[in-house]
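Enquirer: Build me a structure from this.
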Amino acid sequence: MIETNVVIRTAQPDDITSIMELIQLKAEFDGCPESVEATPQKLATDLFGEKPLAFVLLAEVNGNPIGLATYHFIYSTFLAKPGIWLDDLYLRKPYRSQGIGQNLINRLRQIAQQNGCGRIDWTVATTNDRGIKFYEKIGAKIKHDVKVCRLE
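Expert: Residues are numbered from 1 along each chain as shown. Take a look at the predicted model:
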């Protein structure tokens with residue numbers, strides 16, 4: 001059943017509890033719930049403080065948050081343009097495969113266009129076959145010749 005009353009909106013400070021819950025669910029989906037170190041206080045500062053470090057789009061059905069996309073701006077020296085890094089894309093299980101993920105991505109595309117961005121980048125787990133199919137369906141090119149590097 002496709003939900004027709006889906007709203008995609010920019011998160012506000014009073015959404016912190018919902019954002020925390022969705023982040024925890026995303027971490028559980030990824031198999032690493034213990035990795036979440038975020039707190040409501042830290043997110044309030046980082047997302048809604050004087051200089052936001054990241055942004056959140058919420059997907060809602062009947063006023064209930066059912067998914068999110070978190071992102072921040074990056075810069076490509078090759079393109080000499082800003083870009084968007086999509087950090088998390090998550091939908092509660094009952095709402096998957098209904099076009100809501102596409103709605104979140106479409107809103108992110110609008111934000112990218114409004115900000116003169118050259119591209120949107122993100123990672124996907126190599127074991128997330130469903131996610132990979134979704135990303136390919138929306139026109140994303142999966143880069144197999146690069147590896148994620150992390151310095152902690």
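
Enquirer: from here on, contacts and neighbour counts on C-alpha atoms
Expert: Will do.

Enquirer: Quick one: name whatever helix or strand follows the longest strand along the chain.
Expert: Taking DSSP state E as the criterion, the chain has its longest strand at strand 64-76. Per DSSP states H and E, the first helix or strand lying C-terminal to strand 64-76 is strand 81-91.

Enquirer: buried stuff in that following strand?
Expert: Pro82, Gly83, Ile84, Trp85, Leu86, Asp87, Asp88, Leu89, Tyr90, Leu91 (16 or more other CA atoms under 10 Å).

Enquirer: That strand pairs with which strands?
Expert: Here strand 81-91 is paired, per DSSP bridges, with strand 64-76 (antiparallel), strand 120-121 (parallel).

Enquirer: what's the spatially closest residue to Phe73 that is not a sequence neighbour in contact with, if anything?
Expert: Spatially, and ignoring its direct neighbours in sequence, Phe73 is nearest to Ile84 (4.6 Å; CA to CA, 6 or more residues apart in numbering). Neighbouring residues of Ile84 by CA atoms under 8 Å, 6 or more residues apart in numbering: Tyr71, His72, Phe73, Ile74, Ala112, Cys117, Arg119, Ile120, Asp121.

Enquirer: ok, the second one touching Pro52?
Expert: No: His72 lies out of contact with Pro52 (CA atoms under 8 Å); the separation is 9.0 Å.

Enquirer: Of those two, which one has the most company?
Expert: His72 (16 against 13; other CA atoms under 10 Å).

Enquirer: The residue nearest to that one when sequence neighbours are not counted: what's it in contact with?
Expert: Leaving aside its chain neighbours, His72 sits nearest to Ala54 (4.6 Å; criterion: CA to CA, 6+ apart). By CA under 8 Å, 6+ apart, Ala54 lies in contact with Asp46, Leu47, Thr70, Tyr71, His72, Phe73.

Enquirer: contacts for the helix or strand bottoming out on mean pLDDT in the chain?
Expert: The weakest-scoring helix or strand in the chain, judged by mean pLDDT, DSSP states H and E, is helix 129-137 (a mean of 92). For helix 129-137, the surrounding residues in contact (CA under 8 Å, 6+ apart) are Val124, Thr126, Lys141, Ile142.

Enquirer: and the angle from that helix to strand 81-91?
Expert: Per axes from the mean of the first three to the mean of the last three CA atoms, to 10 degrees, the angle that helix 129-137 makes with strand 81-91 is 140 degrees.
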